[in-house]
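Novice: What follows is a predicted protein model with its sequence.
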Amino acid sequence: MNRVFGTTKPAQPAPQPAAQQPPPEAPKPMDLTDQQKRMDIKVKELTETIQNIDKDITEQYNKSRTTKGVVSTTAKQRACMLLKKKKMYEQQLGQLLNNQFTLDQIAFTKENITNTMEMAQAMKQQVDVQKQMFKDIDMDKLDDIMDDMEDMKFETEYMNDMMNRNYSCDVDEGELDREMQEIEADMQLNNYNPQQQKQQQQLPAYYSNLMQGQQQQFGPQTN
């Protein structure tokens, strides 16, 4: 039977979906401060290396001048090799200094951007605060207050003008002259001499005592 009709094939398992891989993590931004520190260390190491090579070159040069034969030739060759090595290190040091200058520029730009962002954030906060403060202000009440202040100013000026008003008295010069003439007539009638009275008041006390003594001695004169 199986040969005539055949057999059913076993069902194949459905392919399972491939496991989703997590997205690759974004690289962390490099800290410019740490990079600058590492660059400073490299610059310092290269500078010390070049200084040591200079000492070796001086030593080999002096040796080549003070010796002869193979020793002098070997010293010259070593001095030439050290000189090439020094130039290589100097070239590397120049590249590091250029890279260090570039990092300094980037750090300076980053600092400026950070300062600008902080200033913009502070300005935005202050603007929001001011907007809220303006919402709390009643413009109608403020207008009424200004009107009251204008009224008070007007009343104050009116009061000052009233207090400084000059109440002048009209004087009749003819009547004033007549009164002065009457006073002078009374003074002449009473033999009133202010200057003489003032001199008598200013006499010393012993003049008065002397006059009284003479009157007591001679007595009153009789006709």
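Specialist: Structure's in. What do you need?

Novice: Where does the prediction get shaky in the protein?
Specialist: The model of the chain has pLDDT under 70 over residues 1-30, 165-172, 189-223.

Novice: Just the helices from it, written as ranges.
Specialist: Remark: helices assigned in the chain by DSSP state H are 2-5, 32-66, 70-136, 139-163, 173-189, 194-201, 205-218.

Novice: residues making contact with stretch 62-72?
Specialist: Stretch 62-72 is contacted by residues Thr73, Ala75, Lys76, Ala79 when judged by Cβ atoms under 8 Å, 6 or more residues apart in numbering. (Each C-beta comes from the backbone N, C-alpha and C, glycine too.)

Novice: any idea which of those is closest to Glu45?
Specialist: For these, the residue nearest Glu45 by Cβ to Cβ is Ala79; the value is 23.0 Å.

Novice: Next one: that closest one from Ile50, what distance?
Specialist: 15 Å (Cβ to Cβ, to the nearest Å).

Novice: And the contacts of stretch 62-72, which of them are buried?
Specialist: Buried by 16 or more other Cβ atoms under 10 Å: Ala75, Lys76, Ala79, out of the contacts of stretch 62-72.

Novice: Serialize those to CSV and add fields for distance to Val127.
Specialist: Conversion of those to CSV gives the following (distance: Cβ to Cβ, whole Å):
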residue, distance to Val127
Ala75, 77
Lys76, 76
Ala79, 71
